[in-house]
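Colleague: compute the structure for the input listed below.
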Amino acid sequence: MRNYQNQALDAWVANGDRGIIVLPTGSGKTLVGIKAISLLNTPTIVIAPTFDLVDQWRTRLKKEFKTEVGVFGGGERDIKALTVSTYDSAYIHADKLRNKFGLIIFDEVHRIPAAGYRNIAEMFASPYRMGLTATLEREDGLHAELNRLVGGKVLEKKVKELTGTHLSAFRVGVIVAESSKSMLKDGTDG
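Modeller: Predicted coordinates for the structure are as follows:
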């Protein structure tokens, strides 16, 4: 792991194996989660917002742990020591899942304070909790609830801190697209 990933894991452990790690997209949040799973060696569920992310987690966990990974969502109801679920399925079936996992990892944790999804954090008995996100703050201010639901922010690294060493350099610019009116004038139908 990179130094900032080790710092993130150490800060999470120091916070009682609870809390939120805020790292930019592409900086290896998944690897930090995998190391937490290895460290605790307890049944774990990863909650992700989309089927694509569920599939990515499943593939990565299978590779890292060389074991079958359960999926709960999208018509699958397979619970294993390592299980991945969508937010929607974890919410709908919280009563079936609530006491089966020692560690719960929330990918895109900023979604948890939403009215329905907060029930996942409130109903699950998991004593160990990790939140992963690139964008912690919510426009509605409900990110303040994350401390209670998952644990406070234990580490945050900004894009600027990792650019050039761990992330590619980038340039921010504005791309001006033609309006649909000008496209129509040029004979295109958009």
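Colleague: poorly predicted segments of this structure, please.
Modeller: Scanning the chain with the threshold set as pLDDT under 70 gives 161-172, 178-190.
Colleague: what ranges do the helices span in it?
Modeller: With helices called from DSSP state H, the chain shows them at 3-14, 29-40, 51-65, 87-92, 94-97, 118-123, 146-149, 159-162, 180-185.
Colleague: nearest to Phe72, out of the ones you listed?
Modeller: helix 87-92 (5.2 Å; C-beta to C-beta). Glycine gets a C-beta too; all of them are placed from N, C-alpha and C.
Colleague: reformat the helices of the chain into CSV and put distance to Phe72 and mean neighbour count next to each item.
Modeller: Output for the helices of the chain, formatted as CSV (distance: least, C-beta to C-beta, whole Å; neighbours: other C-beta atoms under 10 Å):
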stretch, distance to Phe72, mean neighbour count
helix 3-14, 24, 17
helix 29-40, 17, 19
helix 51-65, 9, 16
helix 87-92, 5, 21
helix 94-97, 7, 15
helix 118-123, 12, 19
helix 146-149, 20, 18
helix 159-162, 33, 14
helix 180-185, 43, 11
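Colleague: which of those helices sits closest to Ile104?
Modeller: helix 118-123 (7.8 Å).
Colleague: for that closest one, name the packing helices and strands.
Modeller: helix 87-92, helix 94-97, strand 103-107, helix 146-149 (3 or more C-beta pairs under 8 Å, 6 or more residues apart in numbering; DSSP states H and E).
Colleague: now the helices of the chain in a markdown table, with distance to Ile21?
Modeller: Below are the helices of the chain laid out as a markdown table (distance: least, C-beta to C-beta, whole Å):
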| stretch | distance to Ile21 |
| --- | --- |
| helix 3-14 | 5 |
| helix 29-40 | 6 |
| helix 51-65 | 16 |
| helix 87-92 | 18 |
| helix 94-97 | 23 |
| helix 118-123 | 16 |
| helix 146-149 | 12 |
| helix 159-162 | 13 |
| helix 180-185 | 42 |
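Colleague: identify the residues contacting the nearest residue to Leu40 once chain neighbours are set aside.
Modeller: Nearest residue to Leu40, sequence neighbours excluded (C-beta to C-beta, 6 or more residues apart in numbering): Leu103, at 5.4 Å. Listed by C-beta atoms under 8 Å, 6 or more residues apart in numbering, the contact partners of Leu103 are Asp17, Ala36, Ile37, Leu40, Thr42, Pro43, Thr44, Ile45, Ser126, Tyr128, Arg129, Met130.
Colleague: leaving out chain neighbours, which residue sits closest to the last one?
Modeller: Residue nearest to Met130 in three dimensions, not counting chain neighbours: Ile105, with 4.7 Å by C-beta to C-beta, 6+ apart.
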